[in-house]
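Asks: Provided below are the primary sequence and the corresponding predicted coordinates.
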Amino acid sequence: MYSIVLFLPQMNDHLNIKPVEVEDLPLLRDFAEHTFRVAWQHMNEPEPFETYCRENFDLAKLRTEWEEQDSRFFLVFYKNQLTAYLKLNYNKQPYEPLDGPALQIERVYVGPEHQSLGIGAQLLDFSIKEAISSGFRWIWLSVWQLSPRSVAFYEKNSFEIFGVETFWVGDDPQPDWLMKRRIG
């Protein structure tokens, strides 16, 4: 087991990033569902939202995702408290492939009490360094079009919109921007 330490300038302190092990899956599931609910429940209709949560925060489904060879989950701790998590997909292309190998940031969630402290920026930087060290030419993600704060954050960090895809919350189709950044 290893841990990666990142400096958090806004707090003059450090973050610890730990790859998720099988014994961490219940903690990851609970934190993932909590942060998803805090971020998006108020913007969704109750029935499709509950369907999505029931189907996607199931421990067996999460374990299947965790076991995927080209996916990695990370837990992020600040002062020994779980504050964020990250999921990266290696060698995954969007539906309109990029011209070279790509790393996808599938999920990055920071707990509500730790937002606006620079944790998201540090995780983005960590992801970019991971992509560069793995030889990727691109890093990409999708972000809900109704989340202008998130879109602005990625644009500020040199990501550009290059397409649209549909994210389904239950039976509710929600348009996401596909955003990319060339790194190599």
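Replies: Alright, I've got the coordinates.
Asks: quick one, what contacts the residue nearest the centre of the chain?
Replies: Taking C-alpha atoms, centre = their mean, the centroid of the chain lies closest to Arg107, which sits 1.8 Å from it. Under the criterion of C-beta atoms under 8 Å, 6 or more residues apart in numbering, the neighbours of Arg107 are 32, 85-87. For every residue, glycine as well, the C-beta is placed using N, CA and C.
Asks: and the host helix or strand of it, how far out from the chain's middle?
Replies: Using DSSP states H and E, Arg107 falls within strand 102-110. The chain centroid and the centroid of strand 102-110 are separated by 3 Å, computed with C-alpha atoms, centre = their mean, to the nearest Å.
Asks: what about Val108, how many residues close to it?
Replies: 22 (other C-beta atoms under 10 Å).
Asks: my read: it touches Leu88, true?
Replies: No. Using C-beta atoms under 8 Å, Val108 makes no contact with Leu88, being 9.1 Å away.
Asks: Now for the two: what residues contact both?
Replies: Common contact partners of Val108 and Leu88 (C-beta under 8 Å, 6+ apart): Ser127.
Asks: correct me, but Ser127 touches Ala102?
Replies: No. The pair Ser127 / Ala102 is not scored as a contact, 11.8 Å apart, by C-beta under 8 Å.
Asks: Overlap in contacts, those two.
Replies: Shared contacts of Ser127 and Ala102 (C-beta under 8 Å, 6+ apart): Ile139.
Asks: pull the helix or strand with minimum mean pLDDT from the chain.
Replies: For the chain, using mean pLDDT, DSSP states H and E, the weakest element among its helices and strands is strand 4-8, scoring a mean of 57.
Asks: and the helix or strand following that strand, what other elements does it pack with?
Replies: Following strand 4-8 in sequence order, the next helix or strand is strand 13-19 (DSSP H and E). Contact analysis of strand 13-19 by 3 or more C-beta pairs under 8 Å, 6 or more residues apart in numbering; DSSP states H and E lists strand 4-8, strand 71-78, helix 119-133 as its packing neighbours.
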